[in-house]
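> Curious how this folds, go ahead:
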Amino acid sequence: MTAQEMARFLGKTGTLCVSGTRLGFRVKVTDVRVRFGQIDYCVTPLAGIGEAWHDSQNVTLDEQGK
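Presented below is the predicted three-dimensional model:
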């Protein structure tokens with residue numbers, strides 16, 4: 001994935017699902033990386049503080065974010 005392709009995800013919003021639970025919360029993508037062939041998003045909650053890297057498979061982007 002090129003830097004230009006990754007840049008299209010920056011600023012997009014979606015829902016982060018906590019693995020193994022039905023818990024999910026709204027997040028915003030602040031950075032993107034490819035790690036061992038997997039796409040990861042660095043996300044920050046829309047309500048709350050902090051940021052963390054998560055596998056993109058655990059983040060469902062809003063339709064306008066795809």
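
> going forward, measure contacts and count neighbours with C-alpha atoms only.
Will do.

> Low-confidence bits of this structure, can you list those?
Along the chain, the model assigns pLDDT under 70 to residues 64-66.

> how about the strands in it?
Assigned strands in the chain, in chain order: 13-17, 24-35, 38-45, 52-55, 59-61 (criterion: DSSP state E).

> mind putting those in JSON lines, mean neighbour count and distance to Ala7 included?
What follows is the strands of the chain, written out as JSON lines (neighbours: other Cα atoms under 10 Å; distance: least, Cα to Cα, whole Å):
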{"stretch": "strand 13-17", "mean neighbour count": "21", "distance to Ala7": "14"}
{"stretch": "strand 24-35", "mean neighbour count": "18", "distance to Ala7": "8"}
{"stretch": "strand 38-45", "mean neighbour count": "19", "distance to Ala7": "11"}
{"stretch": "strand 52-55", "mean neighbour count": "15", "distance to Ala7": "16"}
{"stretch": "strand 59-61", "mean neighbour count": "20", "distance to Ala7": "14"}
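
> so which of those gets nearest Met6?
strand 24-35 (6.1 Å; Cα to Cα).
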